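A.B. asks: Whatever this is, show me its structure:
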Amino acid sequence: MSVASSELPSPSSQDHADQLREDRVWKRNERLIYLSNFLHMTLYTMCFGGIFDIFLYHLSQEQQVISDDPITVGSQAPLPGNFLVNTFSNFELIFEIRPSWPAKYPLSSNCSDMYTCGTSILHITDGSGNGDCCKVGNRIPFAYFSNGTTHLQITMDALGQNETLDRRSYNKLQHCQAPKELPLHEWTHIKLKASGVGNSKGKIDDSHGGMVMFINGTKVCEVPGTEYHTLPSRTDARLFFGSLQSPPVRVPDAHLPANFDIRFVRYGKPASNLFVGLANSAQGILSMVLMYPIGWIGDKTNRYYLLRGNLLVAVLSGVAMVMAVYSSSIALLFTGICIFTWYQQTISSTIYACLADNVVADRRTRAGVNYKTFSALAMSLGPAIQLLVVLFGPAEDSWTANIFELLLLPGWVLLPLIGVSVAFMVPVGKELSDIPNTDEMSRPRTLDMRKRISETWLEQRVLGSLKRRFVVALSVNIFFIATLLANGMTVRYFSLYFTQVLRFTPAQLCILNAVCRLFIAAFAQLGKPLSVRLGRCNLALLLHIGSAVATLGIYGGNMFNPPVLVACACYLLRFACLHARDPVLYSVTMDCVPLSQRSRWAALNSLRTLSFSASAVLGGFLADRHGYEFSFTVTIWSLLACTLFMLPAWLWFPREEGTDEAQDPLMPESQNQRGDGDLTSAPSRPL
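C.D. replies: Sure thing, here's the model as predicted:
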């Protein structure tokens, strides 16, 4: 018996072995959490990032692609055939044109007498009129060059117009022209847009709407439609390049064809930012509805098993989204978005709680920063992969249906890898396994551990009957959600601003987003030392105000016109400030809330991944009616107003914080000296 007893490990050695085992499991789980989140954020960025918003924008147009390949038109080239189009009262006609040389009528021509000296570029007509003017349905619209020049002009019919007008009188009423000629042998981007004020993006001056011409993204003139304001909508109309050809028109066109090449010709409804907002708001509102139930389930069940089962939901979402992109089906699109929202909200909120389970309190702020750093790296990898697809793939560097399929669909292949990383996590917590979580460990406090917040300090009543821990956590999270609502009006439209206003190509947008996320990853590391020097609440407010100022620098706020490089730099700084702020808010929340409510409070923080797009529909409405710049300005003022919600946390969670080594006067001295195992709160200082 004595020999057998001597072979048994001593209690101290057994405890040491258990500690080593626990440390290994925690460290392994922490790494798997980082890996799972990294893979998930790469998938999310590729499938639901900025490219997805542009896909939604194009999907709203019901675009008819006339031709992507260049077509040569002119007196020395055969006239191309006509193209069937269904026209709308509100429409966008987009193309790129490269004039080769100016066409000119011979001196013997009587075009001046007939007022037909323009050289035809393109003409949409329903073929029922008297040649090309001035019966409704003849010019819907007509684009041409002035005789002997590349001076672009457009005319447009309107319902109710006087059909007895001659061409000269008609042009005075329903015509506009570019201020200067188009350059020869260079591609120029042209957009002709007709809409009411509600979908004018602030670009139509007439109070009832009209038609405007944009050259390389800049408005150059407007056709108000005189007193009519209503544009014809025709089925089975025809688009002609150069002069009209019969059939279907009854009288041949008297205009000469211009000499030019044309490509990327598309006709459709005006793109709707409101549609983009509706899709994102559906995701954001559903996320808000699911937030608490999923957090409650995570607290009441095995959250590690919940993560594994959640992958089946992701597979269903992936199938629906792949079919939606291929078929351009709006029904499948919203089905996939709703299913993905459940998956997204579940993995984001649950994995936050798992991270807190496996990271000792003293490292929780640092873990939050690391978590955001890996997220930023993943969100950089996604655009980097898409950039490689653009540069080496079969599609051209332009916003076509093919490029959307190539950029949006490959991210779904990461789902099996996410499943593997989640499956290898080991459940921790006394209710789930024989391995405790880090807050349940019963080890003596070591000298290298940092200060911890005093439980008694957190339990103090600071606002009526409300405890400090509740007031601070509530203040932080109301501030967090309010800023997400404010940013939700804008964040989904930055990609559209860069592509529609600044004319970024797919490759340029991918480069911007990849660099942005790398910058975020580097900038986030400043959160660790700055939170010590400034205090966490002070730092959160500073970063928040910095993000608002940087947003102003993207577009200038009608006070200045920033160069593209300045706009890009401010774009990087805006996102960097927000992503550096979030781990600080997360650590304050996890420090204050009880362990038993961790998943529920973590669910609030998980809304960052969705950018909480519940307010995106308001941003889309404002952008359609007044332009992106107006919605950006509303966001900035909203962000500044949100600062008020952070004041209670700033007041009752000061820089010094109430640590256990602060010798809280309300705590007995013996309790002040308690070891690590007697404290269940999270750390007040990062490593």
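A.B. asks: Every contact and neighbour count from this point should use C-alpha atoms.
C.D. replies: OK.
A.B. asks: Not counting its neighbours along the chain, what's nearest residue 628?
C.D. replies: Spatially, and ignoring its direct neighbours in sequence, residue 628 is nearest to residue 497 (6.8 Å; Cα to Cα, 6 or more residues apart in numbering).
A.B. asks: so what pLDDT did the one you found get?
C.D. replies: If you check residue 497, the pLDDT there is 93.
A.B. asks: How about residue 307?
C.D. replies: Looking at residue 307, the pLDDT reads 89.
A.B. asks: what secondary structure does it sit in?
C.D. replies: Here residue 307 is recorded as helix under DSSP: H, G, I helix; E, B strand; the rest coil.
A.B. asks: Give me the neighbour count for the nearest residue to residue 274 once chain neighbours are set aside.
C.D. replies: Spatial nearest neighbour of residue 274, excluding adjacent residues (Cα to Cα, 6+ apart): residue 620 at 4.1 Å. Residues lying near residue 620 (other Cα atoms under 10 Å) number 27.
A.B. asks: what about the residue nearest to residue 628, how many neighbours?
C.D. replies: 19.
A.B. asks: and if you look at the one 4 residues further on?
C.D. replies: One way to gauge burial is a neighbour count; for residue 501, by other Cα under 10 Å, it gives 13.
A.B. asks: one step back: correct me, but the residue nearest to residue 628 touches residue 627?
C.D. replies: No - checked against Cα atoms under 8 Å, the pair residue 497 and residue 627 is beyond contact range at 9.6 Å.
A.B. asks: Look up how far residue 275 lies from the residue nearest to residue 274.
C.D. replies: In this structure, residue 620 and residue 275 are 7 Å apart, going by Cα to Cα, to the nearest Å.
A.B. asks: How about residue 626?
C.D. replies: 16 Å.
A.B. asks: Ok, residue 578 next?
C.D. replies: When residue 578 is compared with residue 275 (using Cα to Cα), they lie 26 Å apart.
A.B. asks: Over to residue 386?
C.D. replies: For residue 386, the distance to residue 275 - Cα to Cα - is 24 Å.
A.B. asks: and these two? which has more neighbours close in?
C.D. replies: Using other Cα under 10 Å as the criterion, residue 386 and residue 275 rank with residue 386 on top: 26 against 22.
A.B. asks: hang on, the residue nearest to residue 628 in a helix?
C.D. replies: Yes - applying three-state DSSP, one finds residue 497 inside a helix.
A.B. asks: Would you map out the domains in this structure?
C.D. replies: 23-61+272-429, 63-269, 455-655 (the TED database).
A.B. asks: count of residues packed around residue 631?
C.D. replies: By other Cα under 10 Å, neighbour count at residue 631 equals 21.
A.B. asks: which SSE is it in?
C.D. replies: helix 628-642 (DSSP states H and E).
A.B. asks: which other helices and strands contact that helix?
C.D. replies: helix 468-488, helix 536-555, helix 616-626 (3 or more Cα pairs under 8 Å, 6 or more residues apart in numbering; DSSP states H and E).
A.B. asks: now with 6 Å?
C.D. replies: helix 468-488, helix 616-626 (3 or more Cα pairs under 6 Å, 6 or more residues apart in numbering; DSSP states H and E).
A.B. asks: Just want the angle from the first one to helix 536-555.
C.D. replies: Relative orientation of helix 468-488 versus helix 536-555 (axes from the mean of the first three to the mean of the last three Cα atoms, to 10 degrees): 0 degrees.
A.B. asks: need the contact list for the nearest residue to residue 317 once chain neighbours are set aside.
C.D. replies: In this structure, residue 317 finds its nearest non-sequential neighbour in residue 336, 4.7 Å apart by Cα to Cα, 6+ apart. Residues counted as contacts of residue 336 (Cα atoms under 6 Å, 6 or more residues apart in numbering) are 317, 320, 321.
A.B. asks: Same question for residue 520.
C.D. replies: residue 576.
A.B. asks: Residue 186: neighbouring residues, count only.
C.D. replies: 13.
A.B. asks: brain fart, residue 645
C.D. replies: By other Cα under 10 Å, neighbour count at residue 645 equals 18.
A.B. asks: show me the contacts for it.
C.D. replies: 475, 479.
A.B. asks: same question, residue 223
C.D. replies: Contacts of residue 223 (Cα under 6 Å, 6+ apart): 174, 175, 176, 210, 211.
A.B. asks: now those residues: which count as buried?
C.D. replies: Taking 16 or more other Cα atoms under 10 Å as the criterion, what is buried in these is 174, 175, 176, 210, 211.
A.B. asks: which ones among the residues you listed are found in strands?
C.D. replies: Among those, DSSP state E puts 175, 176, 210, 211 in strands.
A.B. asks: And these, which is the shakiest by pLDDT?
C.D. replies: Within the set of those, pLDDT is lowest for residue 210 (78).
A.B. asks: Next, the contact list for the residue nearest the centre of the chain, please.
C.D. replies: Among the residues of the chain, the one closest to the centroid is residue 492, at 3.3 Å (Cα atoms, centre = their mean). Not one residue lies near residue 492 by Cα under 6 Å, 6+ apart.
A.B. asks: Stretch 559-575: which residues count as buried?
C.D. replies: Buried residues in stretch 559-575 (16+ other Cα under 10 Å): 562, 567, 568, 569, 570, 571, 572, 573, 574, 575.
A.B. asks: sorry, back to before: could you check how far the residue nearest to residue 274 is from residue 496?
C.D. replies: Distance of residue 620 to residue 496, computed by Cα to Cα: 11 Å.
A.B. asks: number of nearby residues for residue 401?
C.D. replies: 16.
A.B. asks: what's the pLDDT at it?
C.D. replies: 83.
A.B. asks: can you check residue 672 too?
C.D. replies: Note on residue 672: pLDDT of 38.
A.B. asks: do the same with residue 396
C.D. replies: 80.
A.B. asks: Ok, which of the domains of the chain comes nearest residue 17?
C.D. replies: Nearest to residue 17 among those is domain 23-61+272-429; the distance by Cα to Cα comes to 9.9 Å.
A.B. asks: Can you give me the end-to-end span of that closest one?
C.D. replies: 13 Å.
A.B. asks: Give the residue spans of the stretch 301-450 of the chain that score low on pLDDT.
C.D. replies: Along the stretch 301-450 of the chain, the parts satisfying pLDDT under 70 run over 365, 441-450.
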